[in-house]
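Enquirer: Okay, here's the prediction I keep looking at, along with the sequence it came from:
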Amino acid sequence: MGTGRSGMDGARTGGRGRRAWRLLPPLPTTIRRLMLIILVASVHVVSFLAMDAPEGRTGETAAAPTPGQEAPRRRVGVVRFFTNDQIGDGQDRWRTGSYQVSFIQARNWSDRLGEHFGDVAETRLRSEIIAPATLTMAPPLDRPYAGVLSVGRHFWWRRGALDLRLGGDLVLIGPASGMSAFQGFVHNIAGLPRPTVHASQLGNALYPTVSVAATREIRLGRRAMFSPFVEAEAGVETYARIGFDLAFGRIGDGVVRPRDVVSGQRNSGTGPMRGTGWSFTLGGDIARVVSSAYLPAGRGTAPEPWRSRLRLGVAYGGQRHGFFYGLTWLGREFVGQPSGQVVGTLSLALDF
């Protein structure tokens, strides 16, 4: 998502020879990245202001259920992930940009993940732009452009020493997702080259997708935790993955930690991210990929059978605010991809 590299003069016009309309002149790369960071921070702030705070932080209490009635879930946390290569390697290609929001709701919440399936639920909203190496031409043997929009519901619980997640998403690919229109709008107002690969993007399709994950969190002293995990998905992509995360510093036990779909970075959804102190994370995983709707054979592409990721991150929490920033190396995802890429992930926690 971001700047778009031009293999031709993006200021030229398409269509009937009319010049592309811009609000701003072409800007240096540093200024473009700064504008992107400001835009992301603004979206975070607006989204936090527009939504109610989790119960228990506002002083409100949920009404007690009547005898025989199941206790209602209440919101206990929100996690947002903005992942973009403009805050990574700056190349604006492939898994170029995504935004994921997870709302965590729980019944009978006691600041720890419980053993009853259904007590803790995650509502996940996600958008993504996947692009070829350039936005102003369609290179041969490159991956096709895809706009992605999804909504899902996932359930978390603990069984013995394992933290488990099971859920499903409806994933929409194509112009109907609105992602290509959004990217075109951003490029216009920022004075960037007009993307022309939108015309050849993947067509509209809806993919029901199910996924499951199991994580074991192993304490290594008071301020370190090793977390091996396995996960599998079937639907828009079908794969099985195994990996680990290692965290140092301020770490909470028994909390819900959603994982960013693209980078694999994790952040606490219910624990005290705003508890004061620093924490550092590193991790990696490898997946055996069976199929990917983002790389259809009919478009001359094929997924690499093995997909790997390496990541590191840093988080800081104050009394009312906190942030997380991480870098992730993504290995080759499609046959013919010349190299991996590095994406950055930003997550903010704000109290007003």
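Expert: Great, that's in hand.
Enquirer: low-scoring stretches of the protein, by residue?
Expert: Low-confidence segments of the chain, defined by pLDDT under 70, are located at 1-70, 252-254, 271-276, 318-320, 350-352.
Enquirer: For the helix or strand where Phe280 lies, buried residues please.
Expert: Phe280 belongs to strand 277-292 when elements are defined using DSSP states H and E. Buried residues in strand 277-292, defined by neighbour count with 16 or more other C-beta atoms under 10 Å: 279, 281, 283-285, 287, 289, 291-292. Heads up, the C-betas are built off the backbone N, CA and C, glycines and all.
Enquirer: Just the strands from the chain, written as ranges.
Expert: Along the chain, the stretches classed as strands by DSSP state E are 74-84, 94-106, 120-131, 146-159, 162-173, 205-216, 218-219, 224-234, 237-249, 277-292, 306-317, 322-330, 341-349.
Enquirer: Sheet partners, orientation included, of the longest one?
Expert: Paired with strand 277-292 in the same sheet, following DSSP bridges, are strand 237-249 (antiparallel), strand 306-317 (antiparallel).
Enquirer: what angle sits between that strand and strand 224-234?
Expert: Using axes from the mean of the first three to the mean of the last three C-alpha atoms, to 10 degrees, the inter-axis angle of strand 277-292 relative to strand 224-234 is 20 degrees.
Enquirer: which residues touch strand 277-292?
Expert: 227, 229, 236-251, 264-266, 303-317, 326, 333 (C-beta atoms under 8 Å, 6 or more residues apart in numbering).
Enquirer: Buried ones only from the residues you listed, please, as a ChimeraX command.
Expert: Buried members of those, identified by 16+ other C-beta under 10 Å, are gathered into one ChimeraX selection as follows:
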select :227,229,236,237,238,239,241,243,245,246,247,249,250,251,264,265,266,303,304,307,308,309,310,311,312,313,315,316,317,326,333
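Enquirer: just so I know, which of the strands paired with strand 277-292 lies nearest Arg95?
Expert: strand 306-317 (10.4 Å; C-beta to C-beta).
Enquirer: isn't Leu327 right up against Leu310?
Expert: No. Judged on C-beta atoms under 8 Å, Leu327 makes no contact with Leu310 at a distance of 9.1 Å.
Enquirer: now Arg107: how far from Ala71?
Expert: Computed as C-beta to C-beta, to the nearest Å, the Arg107 to Ala71 distance reads 4 Å.
Enquirer: Pick out whichever of the two has more residues nearby.
Expert: Per other C-beta atoms under 10 Å, whichever of Arg107 and Ala71 has more neighbours is Arg107, with 18 against 14.
Enquirer: Show the contacting residues for Gly269.
Expert: With contacts taken as C-beta under 8 Å, 6+ apart, Gly269 has the following neighbours: 76-79, 102, 104, 122, 255-258.
Enquirer: Give me the distance between it and Thr281.
Expert: For Gly269, the distance to Thr281 (C-beta to C-beta) stands at 15 Å.
Enquirer: Could you do Trp156 as well?
Expert: Distance, Trp156 to Thr281, using C-beta to C-beta: 19 Å.
Enquirer: now do Leu202
Expert: Separation of Leu202 from Thr281 (C-beta to C-beta): 33 Å.
Enquirer: Show the contacting residues for Ala161.
Expert: Contacts for Ala161 (C-beta under 8 Å, 6+ apart) come out as Arg216.
Enquirer: From Thr209, how far out is Ala131?
Expert: Computed with C-beta to C-beta, the distance linking Ala131 and Thr209 is 21 Å.
Enquirer: between these two, which one's more packed in?
Expert: Ala131 (28 against 18).
Enquirer: hang on, isn't that one packed against Thr96?
Expert: Yes. Under the contact definition of C-beta under 8 Å, Ala131 touches Thr96, with a separation of 5.0 Å.
Enquirer: from the contacts of Gly269, which would you call buried?
Expert: In the contacts of Gly269, burial by neighbour count holds for 76-79, 102, 104, 122, 255-258, counting by 16+ other C-beta under 10 Å.
Enquirer: Quick check: of those residues, which lies closest to Pro175?
Expert: Distance to Pro175 across those (C-beta to C-beta) is lowest for Ser102, with 26.1 Å.
Enquirer: Show me the beta-bridge partners of the closest one.
Expert: In beta-bridge terms (that is, DSSP bridges), Ser102 pairs with Val79, Arg124.
Enquirer: Contact partners for it?
Expert: For Ser102, the contacting residues are 78-80, 122-125, 258, 269, taking C-beta under 8 Å, 6+ apart as the criterion.
Enquirer: For Arg159, which non-adjacent residue is spatially closest?
Expert: By the measure of C-beta to C-beta, 6 or more residues apart in numbering, the closest residue to Arg159 outside its immediate chain neighbours is Glu115, 6.5 Å from it.
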